[in-house]
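> Mind looking at a prediction? Sequence and model below.
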Amino acid sequence: MRISVLGGYREVGGNKILVEDRDSRVMLDFGKSFGVWKRYFSVFVNPSKDSLKHYLIPGLLPKLKNVYRRDMGAVELGLWEGEERGLDGVLISHGHADHYEMLFALEPDIPIYCGELCLGIMKSTIKNKREFFNPGGREREFRTFRSGDLLDVGIKVRAVHVDHSIPGSYGFILETSEGCVVYSGDLRLHGTSPQLTRDFVEEARECEPEYLLLEGTRIGEEDGMGEDYVFDTCLNKTKGEEGLIVLNFNVRDVDRLGTFVKLAEELGRELVITEKWKGIVELYGRDEKLKRMIPTPDRHPFLIYGGEGENRIEADEIKRRPGRYMLAIDPYKLPILLDVEPEGGTFIDSQSEPFDEESELDHERLMNWVELFGFKYVHAHSHGHADGVELKEIVEGIRPKKLIPIHTESPELFKGLIGGDRLVLDRVIEVV
C-alpha cells in the first residue's frame, strides 16, 4: 500500500492524494493549487485549456499515466499507453475549487465520486460547464453518495459528513490491505453543525486507523469564533444604521448566509443578492436540511439585483430607500455601488483577513471602495477550518497510529498534537 501526497503538501489547498493498494488506485480530491497558480498565472495570464503541458510544467498537475485527457496531448507527452485507465476513481470531499477544479483535465470515463449537494454546487458555480462536464463531447461520469454510504472504488470507502464552511462536505475512511486510512477533507468544530465532524471522528476511531491524513490550515491558531460571534458583532455595529448595509461574503457558505438572513430579520431589512448567486441559493432551498437556514420564497423572501420576475430590484429603488435593504455582493460586483450611489452606511466584510501580498492588494482595493462611499467598515468572520485546539481534539478522538499533515504550510506544528515518532512528514508513504 502506498500513499502519495501529490498536492496539499506543505501548502494550503490543491489536495491530490493518491492511494494505491494492490491493483487499485484511488485519488482523494483533485484540486487547484492557488499557490502555484499565483506564481505563474493571473486573471490576464492563463494556461491553454487545450494543452496538458501548460499545467504539467508549472506543477499544477502531477505526471500520471493513463489519467489525463488524450485530446489535451496526453498521448504525445508519453502519458498514455494502451487503453486501461490509470485510476479506479476520484473521491471529492467538497465543492471548493482547491479540492476539485483540476478534474477538467482527467479522462471523462474515470468515475468521479462526490456528494449529491457537492455536484449541485459544482454545476452552479463552474463557468465553463461544457469543458468540465462534457469535454470533447464526452459526458464525464459522476457517481453521488450521502453520508454513511459504503463505496467500492477498487478500495472500499465509507463517506462520512463533516462540518465545513460549505455544505455537503465529507471525510473518507478507506479499508486497505494494510489497515484503515482516514482522510479528513476540510473540517471544523466551531461551526453551526459540530456534530457532523464528531460523527466522522467517532466512525474513524472505530476502524482503528493506521494513518490519518488531517488538514492543518490553522494548526498555529487558537480562536474558535463561530457564527454567534459574527451575528453579535454585526448586530451591535448596525443597530440604528439608517444607510445601506453592504455584505461582502461567499454565499456558498450556508452558515454565513443563514447568519445574514437572521440579521436582516432582526433589523427589519430585505436581503438583496446578485443574479450570480441566484442558482446556489435556489439549490440550497431544495435541500430539506438547508432550506430552514436560507432565503427561500416561502420562508425568507429575497430580492435579486438585476434579476427577472417579481423579486427583481434595481439600483434606483435601493438608492431611494437604502435603510430598507442589505446588499450582498462579492468584490467582483463592487461596481454595482456606482449605480446605487450610497451616501454612507455600513460595509460588513465577512471574508478571511489578508494572508499574502496579493490578498493585501485586494483588501487595499476593497478599502478604497469603502472610503469612496463613506462606509463604516466592520470585519466579522468565522473560519471554515479547525484551529489548533480543535485539531488536538480531533486527533485525540480518532487515535491514529500515524498522522500525515496535509493542507498546511506548517506540518511540524503537529508535533504538539502527536508524538514525533507517529508524525509522518514524508510526501510518499509506502507500507510493504
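Yep, it's here. It should be emphasised that the depicted structure is a prediction, and the values quoted were computed from it without experimental measurement.
> which ones are touching the closest residue to Leu189 other than its chain neighbours?
Of all residues not flanking Leu189 in the chain, Glu390 sits nearest, at 4.3 Å (C-beta to C-beta, 6 or more residues apart in numbering). Using the backbone N, CA and C atoms, a C-beta is placed for each residue, glycine as well. By C-beta atoms under 8 Å, 6 or more residues apart in numbering, the contact set of Glu390 is Arg188, Leu189, His190, Gly224.
> Which ones among those map onto strands?
Using DSSP state E, no member of these falls in strands.
> Which one of these is nearest to Arg22?
Within the contacts of Glu390, the smallest distance to Arg22 is 34.4 Å, found for Arg188 (C-beta to C-beta).
> where's that closest one relative to Phe34, distance?
Distance, Arg188 to Phe34, using C-beta to C-beta, to the nearest Å: 20 Å.
> neighbour count winner among these two?
Taking neighbours as other C-beta atoms under 10 Å, Arg188 and Phe34 compare with Arg188 leading, 28 against 17.
> tell me the pLDDT at the closest residue to that one other than its chain neighbours?
Leaving aside its sequence neighbours, Arg188 sits nearest to Ala386 (C-beta to C-beta, 6+ apart; 4.5 Å). Ala386 is assigned a pLDDT of 97 by the prediction.
> ok, now which ones touch Ala386?
If a contact means C-beta under 8 Å, 6+ apart, then Ala386 has Leu187, Arg188, Leu189, His190, Thr197, Glu215, Thr217, Arg218, Ile394 as its contacts.
> try 7 Å
By C-beta atoms under 7 Å, 6 or more residues apart in numbering, the contact list for Ala386 reads Leu187, Arg188, Leu189, Arg218, Ile394.
> Could you check stretch 424-431 and say which residues are buried?
By 16 or more other C-beta atoms under 10 Å, the buried positions in stretch 424-431 come out as Val424, Leu425, Ile429.
> Export those to TSV and append columns for distance to Gly416, pLDDT and secondary structure.
As requested, those are exported to TSV (distance: C-beta to C-beta, whole Å; pLDDT from 0 to 100; DSSP: H, G, I helix; E, B strand; the rest coil):
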residue	distance to Gly416	pLDDT	secondary structure
Val424	16	95	coil
Leu425	14	94	coil
Ile429	21	89	strand
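> ok, and for the helix or strand that contains His363, which residues are buried?
Element membership for His363 (DSSP states H and E) is helix 357-372. Within helix 357-372, the residues scored as buried using 16+ other C-beta under 10 Å are His363, Leu366, Trp369, Val370.
> Need the worst-confidence member of the residues you listed.
Note: of the buried residues of helix 357-372, the lowest pLDDT belongs to His363, at 92.
> Let me see the ranges of the helices in this structure.
Applying DSSP state H to the chain gives helices spanning 34-40, 53-56, 97-100, 116-125, 129-133, 194-206, 227-238, 254-267, 278-285, 315-320, 336-340, 357-372, 388-398.
> which of those helices is buried the deepest?
Sort these by mean neighbour count, taking mean count of other C-beta atoms under 10 Å, and helix 97-100 sits at the top with a mean of 24.
> Could you pull up the mean pLDDT of it?
For helix 97-100, mean pLDDT rounds to 97.
> correct me, but Lys63 touches Ile57?
No - assessed by C-beta atoms under 7 Å, Lys63 is found out of contact with Ile57, at 10.1 Å.
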